[in-house]
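> the following comprises the amino acid sequence and a computationally predicted model.
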Amino acid sequence: MTIYDIAKEAGVSASTVSRVMNGKPGISEATRKKVEKLLSDHNFTPDASAQGLVTQASRFVGILIEDIRVSHHTESVYVIEQEMTRRGYTCITFSTGPDPTNKARYIQILEQRRVEGAILIGSMFGTDEVKKSIAEHLRSIPVVIINGEIDLPNTYSVLIDEERGTEDCVSMLKAGGRRHLGYLMDVRTPANEKKERGFFTGMFRAGLGHAEPCVFSGFEKTEVNRDQTSTSAGTGQEDTSFVTMTGQNIGTGASPRDAIERGRRATVALLSSMPDVDGILCATDLVAIGCLQELTERGIKVPEQIAVVGVDNTLYGELCTPKLTSLDNKLSEVSLSGARILLDALERKPVSHKMMLFTEIRVREST
């Protein structure tokens with residue numbers, strides 16, 4: 001039994017049957033009931049490919065994720081797929097890897113798959129290469145980026161205010177009596193850079209600046225532009241007490257084990273440069289776990305000697321010892337919002353091109 005058989009028996013066109021099946025307007029109530037009865041009587045399940053030929057719609061949505069091994073982003077895919085499937089769409093998920101050129105190539109693959117919409121998960125997709133590829137290959141369909149921004153007419157952003165959240169973490173650490181704070185970041189992404197700015201601002205506003213600034217890039221020490229950091233905080237101060245450990249390029253390109261190892265290496269360098277550190281803020285939970293492992297191996301007690309805070313509020317942070325205090329960036333809410341924005345855009349409903357959600361600190365044993 002095909003959609004054409006149903007249409008012939010009902011005395012209507014195949015496109016009318018399709019409109020009934022998809023809940024589209026413009027069908028009389030009598031015709032709608034007649035078609036629905038036939039569909040029910042025949043236990044009709046439409047073939048997606050055949051239905052697409054009739055409606056000129058694939059009902060496919062593409063999801064791009066940089067690394068499927070990162071559980072935080074995989075959870076986001078799950079939430080999106082559940083919502084899109086519930087609304088009659090089929091999701092195609094690709095793991096692109098960290099290279100911006102490769103990410104751009106996957107945009108072209110989505111075009112070849114005739115997707116009707118796309119969702120890109122993570123700020124690391126906010127590159128010039130991806131933007132150019134969207135403009136060339138997906139310019140006529142809606143594209144949502146989770147926790148990132150691409151300035152194109154057909155793109156929509158769901159952002160998380162991790163910059164303010166990181167600032168709040170600094171305030172929490174100060175309230176707990178911590179005065180010498182460090183920040184660890186394994187790789188440089190737009191999201192991690194926002195957290196870094198929040199750390200800077202939080203330090204200045206907390207009045208914790210002193211001594212020489214130390215910023216590390218790729219685990220190599222570099223200079224900090226004092227004027228730039230002071231101006232951004234709006235305080236006019238010129239001194240700081242933070243150490244920043246950063247990675248070297250956009251994208252993760254590492255398994256969870258790699259991220260943990262980077263956290264350990266960053267902690268080694270931090271302790272060497274700042275032996276009086278008593279609070280460490282990490283860009284992700286995985287980096288924080290690496291930090292905790294290194295501190296434990298050195299016999300440094302957490303939180304008695306050094307408090308540790310992560311970002312993401314993942315399961316990893318609840319399973320480690322001590323349990324990790326983490327900035328909850330509301331992954332499920334953000335992912336669900338992204339899916340619903342895409343659905344609204346697909347249905348030609350008015351949609352804001354930018355939505356901001358707020359974070360919350362989950363306090364556990366590490367602070």
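Perfect, I can see it now. Fair warning: this is a prediction, and the values are worked out from it, not measured in the lab. Numbers count the residues shown, from 1 in each chain.

> now do the helices in the stretch 1-150 of the chain.
Ranges of helices in the stretch 1-150 of the chain, per DSSP state H, counting those that start in this stretch, are 3-10, 14-21, 29-41, 48-55, 71-86, 100-112, 128-137.

> TSV for these, including mean neighbour count and mean pLDDT?
Using the backbone N, CA and C atoms, a C-beta is placed for each residue, glycine as well. Output for the helices of the stretch 1-150 of the chain, formatted as TSV (neighbours: other CB atoms under 10 Å; pLDDT from 0 to 100):
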stretch	mean neighbour count	mean pLDDT
helix 3-10	17	86
helix 14-21	21	84
helix 29-41	14	89
helix 48-55	15	49
helix 71-86	18	92
helix 100-112	18	95
helix 128-137	17	96
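
> distance to residue 267 added to the ones you listed, as JSON lines?
Below are the helices of the stretch 1-150 of the chain laid out as JSON lines (distance: least, CB to CB, whole Å):
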{"stretch": "helix 3-10", "distance to residue 267": "61"}
{"stretch": "helix 14-21", "distance to residue 267": "57"}
{"stretch": "helix 29-41", "distance to residue 267": "61"}
{"stretch": "helix 48-55", "distance to residue 267": "50"}
{"stretch": "helix 71-86", "distance to residue 267": "21"}
{"stretch": "helix 100-112", "distance to residue 267": "29"}
{"stretch": "helix 128-137", "distance to residue 267": "32"}
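
> those: which one's closest to residue 327?
Among these, the nearest to residue 327 by CB to CB is helix 71-86 (12.4 Å).

> isn't residue 81 up against residue 93?
Yes: here residue 81 reaches residue 93: they are 7.5 Å apart, a contact under CB atoms under 8 Å.

> overlap of the contact sets of the two?
Counting by CB atoms under 8 Å, 6 or more residues apart in numbering, the shared contacts of residue 81 and residue 93 are residue 63.

> wait, which of the helices of the stretch 1-150 of the chain is closest to residue 337?
The stretch from the helices of the stretch 1-150 of the chain with the least distance to residue 337 (CB to CB) is helix 71-86; that distance is 9.8 Å.

> what residues does that closest one touch?
With contact meaning CB under 8 Å, 6+ apart, helix 71-86 is reached by 61, 63, 65-68, 90-91, 93, 119, 121-122, 146, 256, 284-285, 312, 314-316, 331-332, 334-336, 338-340, 342-343.

> same thing with stretch 162-173?
By CB under 8 Å, 6+ apart, the list of residues contacting stretch 162-173 reads 147, 181, 191, 194-199, 201-203, 205-206, 208, 279, 281, 307, 309, 311, 327, 329, 358-361, 363, 367.

> how far does that stretch sit from its chain's centre?
The chain centroid and the centroid of stretch 162-173 are separated by 19 Å under CA atoms, centre = their mean, to the nearest Å.

> do the same with stretch 160-176
For stretch 160-176, the distance to the chain centre is 19 Å (CA atoms, centre = their mean).

> also stretch 3-21?
Relative to the centre of its chain, stretch 3-21 is centred 42 Å away, using CA atoms, centre = their mean.

> need phi/psi at residue 160.
With angles defined as degrees, to the nearest 10, residue 160 sits at phi -120, psi 130.

> spatially nearest residue to it, not counting backbone neighbours?
residue 329 (4.6 Å; CB to CB, 6 or more residues apart in numbering).

> hmm, that neighbour is touching residue 311, no?
Yes: contact status for residue 329 versus residue 311: in contact at 6.7 Å, counting by CB under 8 Å.

> more neighbours: which of the two?
Set residue 329 next to residue 311 and count neighbours by other CB atoms under 10 Å: residue 311 wins out with 31 against 23.

> chain center to stretch 318-325, what's the gap?
Chain-centre distance of stretch 318-325: 22 Å, with CA atoms, centre = their mean.

> show residues contacting that stretch.
285, 288-289, 292, 302-303, 307-310, 316-317, 361-367.

> please redo it, this time with the cut-off set to 6 Å
288, 289, 302, 309, 310, 317, 363, 364, 365, 366, 367 (CB atoms under 6 Å, 6 or more residues apart in numbering).

> state the mean pLDDT of that stretch.
Stretch 318-325 carries an average pLDDT of 96.

> ditto for stretch 208-216
If you average the pLDDT over stretch 208-216, you get 51.

> state the distance from residue 9 to residue 303.
71 Å (CB to CB, to the nearest Å).

> ditto for residue 180
According to CB to CB, residue 180 stands 14 Å off from residue 303.

> of the contacts of stretch 318-325, which belong to helices?
Per DSSP state H, helices hold the following members of the contacts of stretch 318-325: 288, 289, 317.
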